[in-house]
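Enquirer: Next come a sequence and a model predicted from it.
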Amino acid sequence: MRVATSGQPRPPRRRGRRLLVGLSAGVVIAVVGYCAVSMVVADRLTKPYRRPLASSPTALGLRSEDVSFPSTVDGITLRGWFLPVEGSDRAVVVVHGRSSSRTGDLGELVAQAAALVAGGYNVLLFDFRAHGLSDGTRYTLGADEQGDVLGAVAYLESRGFAPDRTGFWAHSMGAATVLLAAAASPDVRNIVADSSFARLEDLLARELPRESGLPGFFNPAILYFGRELYGLDTRILNPVEAVAALPPRSLFVIHAEADGLIPVDHARRIAAAAGPAVWDLWIFPGSRHDRVWSAAPELYRSRALAFFDEKLH
């Protein structure tokens, strides 16, 4: 019987087996790594930056009440301010965007509330879940937040404000959420939608790789783990499919033409799908995402107030 020495080549079968084991191990490591990285990004994607409040009604000489109410989807406590106007039965809910708060990033939503109060509107400003001073640690880009909006509606109804006397001035993710909530409830109408996305998966196909720094082939796994672990179901977050049921002339769409986060095409798609529900489509030349208010503050406020004056007269 001959025994192979150390200088002789190993039998082909043994080499093949080791190569197969090595390849299998590599595939397992790659899959585990792919899933682990995707889970980390999904975790970060559903945890917004909790921005501190940038202003207050008292800073602008406005009377306000600290209020809280539950979200209708899970009862989580939401907090905000109610700005009363004596003798008025009209109210507007001001709704902020992702990683912002009831004040807006720079206090602009308090300024918008001041314009509304001067125009004779009661105002409700509130923080979405996991934002500002509201409870919660995660958000869902509009899925559970629809219940937050409906919680705001229920709060106003508890104070005697009828849905047909209530409007919404909403921004970015908040605008998308209000449009989605309008499809779920006839109590959500008369909407100024500033910088909304039309279909979330379309937006994330472009933005998620830029935000995460990962190639696009990570997107399916990130969105899968976001859905299964944290309730972020991007497949159902499509305002463009929700707006057709809005009443005639009940939607004012605003978008900056140079928006680098949510392309202006999203606004045009929403307006096209809404059809006769559109009161106006205002595409502002230049500017940035959700910053038309800073580029043309007087015109912005006057056009928004003109919409509410017509719809809630």
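Expert: Looks like it arrived, so ask away. Bear in mind the structure is a predicted one, so any value in this text is a computation, not a measurement.
Enquirer: Show me the helices in this protein, by range?
Expert: Shown for the chain, the helices assigned by DSSP state H span residues 12-45, 108-118, 145-158, 173-184, 200-212, 219-230, 265-274, 292-295, 297-311.
Enquirer: residue contacts, the residue nearest to residue 106 when sequence neighbours are not counted?
Expert: Nearest in space to residue 106, with sequence neighbours left out and distances taken as Cβ to Cβ, 6 or more residues apart in numbering, is residue 54 at 5.7 Å. In short, each C-beta sits where N, CA and C put it, glycine included. Residue 54 makes contact with 101, 103-107, 110 under the criterion Cβ atoms under 8 Å, 6 or more residues apart in numbering.
Enquirer: Any quick ChimeraX command for the buried ones out of those?
Expert: Isolation of the buried members of the contacts of residue 54 (16 or more other Cβ atoms under 10 Å) is achieved in ChimeraX through the command below:
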select :101,103,104,105,107,110
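Enquirer: and the gap between the residue nearest to residue 106 and residue 62?
Expert: As judged by Cβ to Cβ, to the nearest Å, residue 54 and residue 62 stand 15 Å apart.
Enquirer: as a whole number, average confidence for stretch 256-274?
Expert: Stretch 256-274 shows an average pLDDT of 97 in the prediction.
Enquirer: Residue numbering should commence at 15 henceforth.
Expert: With the count now opening at 15, the last piece we talked about shows up as stretch 270-288.
Enquirer: hmm, who's touching that stretch?
Expert: Stretch 270-288 has contacts (Cβ under 8 Å, 6+ apart) with 186, 193, 207, 209-213, 216-217, 221, 253-255, 257-258, 260, 265, 267-269, 292, 295, 297-306, 309.
Enquirer: Can you list the buried residues in it?
Expert: Under the neighbour-count criterion of 16+ other Cβ under 10 Å, stretch 270-288 has 270, 273, 275-277, 280-281, 283-285, 287-288 buried.
Enquirer: Check those against residue 129 and report the nearest one.
Expert: Nearest to residue 129 among those, counting by Cβ to Cβ, is residue 270 at 19.6 Å.
Enquirer: Against residue 118, how distant is the spatially closest residue to that closest one that is not a sequence neighbour?
Expert: Distances taken as Cβ to Cβ, 6+ apart put residue 301 closest to residue 270, at 3.7 Å, once the chain neighbours are dropped. According to Cβ to Cβ, residue 301 stands 15 Å off from residue 118.
Enquirer: Over to residue 306?
Expert: From residue 306 over to residue 118 (counting by Cβ to Cβ), the distance is 13 Å.
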